[in-house]
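K.L.:
I would like the atomic coordinates for the input below:
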Amino acid sequence: MDGQLKQFVALVTINNNIHNINEDLKGDYIKLSKNQDNGSKVEIDGNIMYITNEGQIIK
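P.N.:
Now for the predicted structure:
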């Protein structure tokens, strides 16, 4: 562990209010963008990925 704090993206299941944190969704800089056809755009430390409505991560 490098001792630095990281930001995380938590995915929340609306039906049961369960919060999940995926280790692939952490970094020093996170920017969330509006929904697109292939999911919500997430930029983490310069890497672009998408999160679908089902919670799948597309890299």
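
K.L.:
quick one: the nearest residue in space to Thr52 that is not next to it in sequence from Tyr50, how far?
P.N.:
Nearest-residue entry for Thr52: Gly39, 4.2 Å, with adjacent residues in sequence omitted and distances by CB to CB, 6 or more residues apart in numbering. All C-beta atoms are positioned from the backbone trio N, CA, C, and that covers glycine. Gly39 is 4 Å from Tyr50, where distance means CB to CB, to the nearest Å.

K.L.:
Which residues are in contact with each of these two?
P.N.:
Contact criterion CB atoms under 8 Å, 6 or more residues apart in numbering; residues shared by Gly39 and Tyr50: Ile58.

K.L.:
Stretch 25-35: which residues count as buried?
P.N.:
25, 27 (16 or more other CB atoms under 10 Å).

K.L.:
all strands of the chain, in order?
P.N.:
Applying DSSP state E to the chain gives strands spanning 7-13, 18-27, 30-36, 39-44, 47-51, 57-58.

K.L.:
and stretch 8-23, how far from the chain's centre?
P.N.:
Taking CA atoms, centre = their mean, to the nearest Å, the mean C-alpha location of stretch 8-23 is offset from the chain mean by 10 Å.

K.L.:
What residues of it count as buried?
P.N.:
Quick answer for stretch 8-23 (16+ other CB under 10 Å): Val9.

K.L.:
And the average pLDDT for it is what?
P.N.:
Stretch 8-23 carries an average pLDDT of 90.
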